[in-house]
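Enquirer: With the input below, show me the fold.
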Amino acid sequence: MTELRVYLLVEDLQRQFAAYLGTPTRARGYPPFEGQHSLIVEVAPGLAIERVIDLALRAVPSVEPGILFVERQFGVLEVHGADLDDVRRAGAAILDGLGASPEHQLRPHVLYTDVIEDVTDQHAVIINRNRQASMLMPGQSLLVVEMTPALFAAVAANSAEKVAPDVTLVDVSMIGAAGRVYLAGTTADVTRARDEIARVLAEVTGRDQP
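Expert: Model prediction:
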């Protein structure tokens, strides 16, 4: 039996997060664009994601798959499109095929949050060597958030950019044991982003994590 772990509808992709999803390391399929809408699904066992993508694309051929990834335990799919109704219909086809509902997903759990003010130059250099998005500048404030399941880092990053568009998306890790978001900017902006991430994740309905 296929377990639905994450079912995320990410509406109105923001500029920086859409660009991050479009990098070659992420968008192994079709890159999304700012203003499009995304559906991200995680299931177990991992290979069950091949059935999930088949359900979505047969029902709504107009949506485009951006990420299809089978990791050690779980499978991840991201599809997107300009029409929100199309993305919703693709999601409905997935849920119907799995005999599941969005409430069957796991609720996110925040493991760690911190705001580091006035980042030193050496700290910025070493973070920038490992980043996958934009650069952290010395003197900025840095927000770090870690959560499970990892895919919730996607909605966290996109939601933060909506309320604080001047923040810099430094890195997002959304596949693996835990998800992580790095955002940089003024203390006021990253604090606003932190509060929005907490609000959005707290509103997710689902089952308790084992």
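Enquirer: The protein: strands as residue ranges?
Expert: Ranges of strands within the chain are 3-10, 37-44, 64-70, 75-81, 109-116, 141-148, 168-173, 179-185, based on DSSP state E.
Enquirer: Please name every helix or strand in contact with the fifth one.
Expert: Think strand 109-116. strand 141-148, helix 187-202 (3 or more CB pairs under 8 Å, 6 or more residues apart in numbering; DSSP states H and E). Just so you know, the C-beta spots here come from the backbone N, C-alpha and C atoms, and that holds for glycine as well.
Enquirer: which non-adjacent residue is nearest Y30?
Expert: Leaving aside its chain neighbours, Y30 sits nearest to E64 (3.8 Å; criterion: CB to CB, 6 or more residues apart in numbering).
Enquirer: these two touch, right, the one you found and H80?
Expert: Yes. Shown here, E64 and H80 form a contact pair, counting by CB atoms under 8 Å, at 5.9 Å.
Enquirer: Which one of the two is surrounded by more residues?
Expert: H80 (27 against 17; other CB atoms under 10 Å).
Enquirer: what residue ranges in the chain score low on pLDDT?
Expert: 27 (pLDDT under 70).
Enquirer: change it to 50
Expert: Applying pLDDT under 50 to the chain picks out no residues at all.
Enquirer: and the gap between V43 and D166?
Expert: The gap separating V43 from D166 is 36 Å, by CB to CB, to the nearest Å.
Enquirer: The two: which has the busier surroundings?
Expert: The neighbour count for V43 versus D166, taken as other CB under 10 Å, is higher for V43 (25 against 12).
Enquirer: contacting residues for that one?
Expert: Contact partners of V43, counting by CB atoms under 8 Å, 6 or more residues apart in numbering, are T2, E3, L4, R5, I49, V52, F74, G75, L98.
Enquirer: From L68, how far off is it?
Expert: In terms of CB to CB, V43 sits 12 Å off from L68.
Enquirer: Can you pull the residues that touch both of those two?
Expert: In contact with both V43 and L68: I49, using CB under 8 Å, 6+ apart.
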